[in-house]
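1. Have a look at this prediction, sequence included:
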Amino acid sequence: MKYQFLLIIFLFFIFPFSFAQEEGTQPKKPVSKERLEEEEFHQMLINEMDKMLDLWYIKKESSNSKNILSKVQDDTITNNFSDSLTALRLKNIITVIPLAYNSRTKSMINLYLNRKRSSAAILGLAQYYYPIMQEIFDKYDVPEELIYLTIIESSLNPTAVSRAGATGIWQFMYSTGKMYGLEVNTFVDDRRDPIKATDAAARHLRDLYNMFQDWGLAISAYNCGPGNVRKAIQRSGGKTNFWDIINFLPKETRSYFPAYIGAFYMMKYHHLYGIQAPSIAIPTAVDTVMVTKEIHLEQVANVLNIDIEEIRTLNPQYKKDVIPAYNKPFPLRLRSKDIIRFVSLSDSVYHYEYDFYFAPLRSYVNVFTGSSDEATTSKKKYHTVRSGESLTKIANKYGLSVDELKQMNKLKSNYIKPKMKLVVGYEITPISSEGEKDVVKSGATGQDSTKVATTPPPPRTTYYIVKKGDTLSKIASRYKVSVKDLAKYNAITNINSLRVGQKIKIPQ
């Protein structure tokens, strides 16, 4: 009996555990710290890719049933190749960058190969941006394959902005951009200019390599700053190889260089995995003209009959759609054929509804720069500093640069304290010739101006010239008005009677 009792007790404890194992309730092994870091970095990259897929020119191609991009679907790669073959492929890439193959780089390679849609779009954008970038990197004798860092930084999105305020295709922080000559103010952000930002990035990477004499460390320093790399070297006992100091680097940077290797592999071997480069709606036959007077991009679009989104795409550095050529010339990039038209019609462009675009804006510029203007009065707009706020945070909130904020408040340093009042903008009141006041709430807020006027400005008329293939529905959708309103506004009784060359008025 004694042994039978013990056997029952034994079976009582053993069988539930066995059943739990069969039913899958066995505790899972804890996820490693390295894996958690990778997953967090993966999600950050995926978020950037998703933002890139929402760009106007990407969505335009995705909606075109004849374009490759409309047919691309994400899936999981069935890797028929061994790890040794993948490692051999990396080894066969001719580069001065040390491309190691390990669990971290394998994970990043799989990320880009599995996100087929995003990787295909990146390949399409690379056809536009990379020839320009390669030429710039060659000028500074910097390895041109470093341009693949833009895949990690922004997924080749020139208007990308990180949570920390890093901006543009190369994700420059404000201070680093200024260090390399990138202008940032209310109207212009050179960090968003692919050409100027690439020039700065080439010089910055060259300087980082000169510091560390190792491209793995230079690439890491691009992400976390040279100070953090120096600290990691010291904590590792003086080692100067990325993989030897990886555990001493900031968390995000541990995945940064492996992600670069993953993007590099995808750019070289995408065709082996069925990923092709689609055509992207960014014109490649473009040219530049220097603009010598202030001009709004909508003036160019309306007079030359160009899609405003195309002009913004070619000129992403103009944050408010304004080229502020008040005191110096600024570049305007257009299709080569449109440059010729712009030159011949420049007077018409400059004068097209000038008062609508620039009367309130000129008042703002005069107040901001300290110029006298008898036709305006202004009231300062203040921000009260809260605990924990910095000049950078406040400047970003109101669409200013730190330099502008300091200039407006005559600050000689970045020191501020709670309850301090800072000027962050102006409420401007232009005085009309009849003595009436139009109040314009504006002034460096980074937001669209709100007008409250006793005498409203004359209504603005926008015209559209009908092209082959246009329908009233298509035009209405483009300008976000109803077909009914568009037809009524133009006294059109038959919506199928549009003629090529017909001028259509767009209701506001």
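-> Nice, I can see it.
2. How is the spatially closest residue to Gly168 that is not a sequence neighbour assigned, secondary-structure-wise?
-> Distances taken as Cβ to Cβ, 6 or more residues apart in numbering put Arg191 closest to Gly168, at 3.7 Å, once the chain neighbours are dropped. Every C-beta, even on glycine, is put in place using the N, C-alpha and C of the backbone. Under DSSP: H, G, I helix; E, B strand; the rest coil, the three-state class of Arg191 is helix.
3. My guess is Arg191 contacts Gly177. True?
-> Yes - applying Cβ atoms under 8 Å as the test, Arg191 and Gly177 come out as touching, 4.9 Å apart.
4. Give me the common contacts of these two.
-> Common contacts of Arg191 and Gly177 (Cβ atoms under 8 Å, 6 or more residues apart in numbering): 167, 184, 197.
5. which one of those residues has the most neighbours?
-> Greatest neighbour count in the shared contacts of Arg191 and Gly177, by other Cβ atoms under 10 Å, goes to Ala197: 29 neighbours.
6. Show me what the helix or strand hosting Ala197 packs onto, helices and strands only.
-> Taking DSSP states H and E as the criterion, the element that holds Ala197 is helix 194-212. Helix 194-212 makes packing contacts with helix 116-139, helix 174-179, helix 215-224, helix 226-235 when contacts are defined by 3 or more Cβ pairs under 8 Å, 6 or more residues apart in numbering; DSSP states H and E.
7. May I have the residues that are in contact with Asn185?
-> The contact partners of Asn185, by Cβ under 8 Å, 6+ apart, come to 401, 403-404.
8. If you could redo that for Leu411, that was the one I meant.
-> Per Cβ under 8 Å, 6+ apart, neighbours of Leu411: 391, 405.
9. that older thread, select, out of the helices and strands packed on helix 194-212, the one closest to Ala277.
-> The closest of the helices and strands packed on helix 194-212 to Ala277 is helix 116-139. By Cβ to Cβ, the value is 3.7 Å.
10. Which helix or strand lies directly C-terminal to the closest one?
-> As assigned by DSSP H and E, the chain's next helix or strand after helix 116-139 is helix 149-154.
11. mind saving the C-alpha coords of that following helix as PDB?
-> Coordinates of each C-alpha in helix 149-154 appear next as PDB, following Å, rounded to 0.1, in the frame of the first residue of the first chain:
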ATOM      1  CA  LEU A 149      23.200  55.100 -45.600                       C
ATOM      2  CA  THR A 150      20.200  57.200 -46.900                       C
ATOM      3  CA  ILE A 151      18.200  54.000 -46.900                       C
ATOM      4  CA  ILE A 152      18.700  53.600 -43.100                       C
ATOM      5  CA  GLU A 153      18.300  57.300 -42.400                       C
ATOM      6  CA  SER A 154      15.200  58.200 -44.400                       C
END
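12. just checking, what packs against it?
-> helix 33-53, helix 116-139, helix 251-269.
13. Identify the residues contacting that helix?
-> So helix 149-154 is in contact with 45, 48, 52, 112, 122, 129, 133, 156, 160, 166, 168-171, 201, 219, 222, 256, 259-260, 263, 267, going by Cβ under 8 Å, 6+ apart.
14. where in the stretch 401-508 of the chain is pLDDT low?
-> Low-confidence segments of the stretch 401-508 of the chain, defined by pLDDT under 70: 426-461, 494-496, 501, 508.
15. Show me the helices in it, by range?
-> Applying DSSP state H, counting those that start in this stretch to the stretch 401-508 of the chain gives helices spanning 402-409, 472-478, 483-489.
16. Please identify the most buried of the ones you listed.
-> Comparing the helices of the stretch 401-508 of the chain by mean neighbour count (mean count of other Cβ atoms under 10 Å), helix 402-409 comes out on top with a mean of 18.
17. Next, work out how far apart Ile492 and Val500 are.
-> Going from Ile492 to Val500 by Cβ to Cβ, to the nearest Å gives 15 Å.
18. Between those two, point out the one with more neighbours.
-> Under the criterion of other Cβ under 10 Å, the comparison of Ile492 against Val500 puts Ile492 first, with 16 against 10.
19. List phi and psi for the more buried one.
-> When read as degrees, to the nearest 10, the backbone of Ile492 gives phi -100, psi 120.
20. Distance check, the spatially closest residue to it that is not a sequence neighbour against Ile306.
-> Distances taken as Cβ to Cβ, 6+ apart place Leu472 nearest to Ile492, at 6.9 Å, with adjacent residues excluded. With distances taken as Cβ to Cβ, Leu472 is found 21 Å from Ile306.
21. same deal with Leu55?
-> In terms of Cβ to Cβ, Leu55 sits 18 Å off from Ile306.
22. Quick one: residues contacting the nearest residue to His204 once chain neighbours are set aside.
-> Excluding its sequence neighbours, the residue lying closest to His204 (Cβ to Cβ, 6+ apart) is Tyr180, at 5.9 Å. By Cβ under 8 Å, 6+ apart, Tyr180 lies in contact with 172, 199-200, 203-204.
23. and what of Cys224?
-> Cys224 makes contacts with 249-250, 252-253, 256, as judged by Cβ under 8 Å, 6+ apart.
24. which of those lies closest to Ser63?
-> Tyr256 (33.8 Å).
25. if we can go back for a sec, any chance of the contacts of Cys224 in TSV, with neighbour count and pLDDT too?
-> Formatted as TSV, the contacts of Cys224 follow (neighbours: other Cβ atoms under 10 Å; pLDDT from 0 to 100):
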residue	neighbour count	pLDDT
Leu249	25	96
Pro250	15	93
Glu252	14	90
Thr253	23	94
Tyr256	21	96
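26. and which of these is nearest Asn64?
-> Using Cβ to Cβ, the contacts of Cys224 come closest to Asn64 at Tyr256, 34.5 Å.
27. list the contacts for the closest one?
-> Taking Cβ under 8 Å, 6+ apart as the contact definition, Tyr256 lies against 41, 152, 219-220, 223-224.
28. returning to what we had before: neighbour count for Arg191 and Gly177, which is higher?
-> A direct count of neighbours by other Cβ under 10 Å for Arg191 and Gly177 places Arg191 higher, at 31 against 26.
29. Trp170 versus the more buried one, what's the distance?
-> Arg191 is 7 Å from Trp170, by Cβ to Cβ.
30. Identify the contacts common to the two.
-> Common neighbours of Arg191 and Trp170 (criterion: Cβ under 8 Å, 6+ apart): Ala197.
31. residues touching Val289, list them.
-> Listed by Cβ under 8 Å, 6+ apart, the contact set of Val289 reads 331-332, 334, 339, 342-343.
32. neighbours around the residue nearest to Asn305 when sequence neighbours are not counted, how many?
-> Spatially, and ignoring its direct neighbours in sequence, Asn305 is nearest to Ile465 (5.0 Å; Cβ to Cβ, 6+ apart). A count of nearby residues for Ile465, using other Cβ under 10 Å, gives 12.
33. from memory Ile465 sits against Arg499, does it?
-> No - shown here, Ile465 and Arg499 do not form a contact pair, counting by Cβ under 8 Å, at 10.5 Å.
34. any idea which residue sits dead centre in the protein?
-> By Cα atoms, centre = their mean, the chain has its centre lying nearest to Ala160, at 1.7 Å.
35. Got the confidence number for the nearest residue to it once chain neighbours are set aside?
-> Of all residues not flanking Ala160 in the chain, Ser154 sits nearest, at 3.9 Å (Cβ to Cβ, 6+ apart). Ser154 is assigned 96 on the pLDDT scale.
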